[in-house]
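Trainee: need a structure here:
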Amino acid sequence: ARQTSLFGTEGVFLGQIDPSHQWKGFPINLNLVNANIHNLFRLLSAVSKLNIVTSDDVDGTVTVQLHEVPWDQALAAILQAKGLGAAQYGSIVRVAPIEMIRREREDAAAAQQAEQDGMPLRVLTLPLNYASANDVMEQLENMVSKRGTVNYDDRTNTLIVRDIAPNLNHKDPALRAIIR
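Mentor: Below you'll find the model as predicted:
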């Protein structure tokens, strides 16, 4: 079975190889001189059973001599040597210059933040039976967005959480564990 992500939990390679990363690909041997980078990616695609898509900015040749190196480690080393990054989406690995992938990730994060900033705030009241609302409030404060607030009503032992709708899912296991 293929691992879920080649490059760690986020499936993105931005030029840094974590020395503790466990390479899972089977060993390959490569001895290529001035090989077209696209042909090398085609070879690695066939070996790995992954689909590799390169941006128009990926070009050039590469010389490699690798002996009994896991194919995923070889891919990371080649990407690093050429200043390229990669983003994995299921069985597709997209290869582009590191700065392009970094910029795309920053743009996606900014778009997600803008979407959250535009969401209306909702209110969720959580009456507690066995826990002190004041004690639980401290734990919940770490779970709300930057716009969210957590208050409590001492008189009724009720938490009052104000936040965007996705963060107010009372079926969320983390939230359920806190309010039990």
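
Trainee: and the residue in the chain sticking out farthest from the centre, its phi and psi?
Mentor: Most distant residue from the mean C-alpha position of the chain: Arg155, 42.7 Å away (Cα atoms, centre = their mean). Main-chain torsions, Arg155, degrees, to the nearest 10: phi -60, psi -40.

Trainee: worst-scoring helix or strand of this structure, pLDDT-wise?
Mentor: helix 173-179 (a mean of 62; mean pLDDT, DSSP states H and E).

Trainee: show me what the lengthiest helix in the chain is packed against.
Mentor: Using DSSP state H, we find that the single longest helix of the chain is helix 98-118. Contacting helix 98-118 under the criterion 3 or more Cβ pairs under 8 Å, 6 or more residues apart in numbering; DSSP states H and E are the following elements: strand 84-89. Backbone N, C-alpha and C define where each C-beta goes, glycine included.

Trainee: please name every helix or strand in contact with the strand it packs on.
Mentor: strand 12-13, helix 71-81, strand 92-97, helix 98-118.

Trainee: can you redo the ones you listed as CSV with distance to Ile52 and mean pLDDT?
Mentor: Output for the helices and strands packed on strand 84-89, formatted as CSV (distance: least, Cβ to Cβ, whole Å; pLDDT from 0 to 100):
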stretch, distance to Ile52, mean pLDDT
strand 12-13, 12, 84
helix 71-81, 9, 92
strand 92-97, 5, 94
helix 98-118, 14, 88
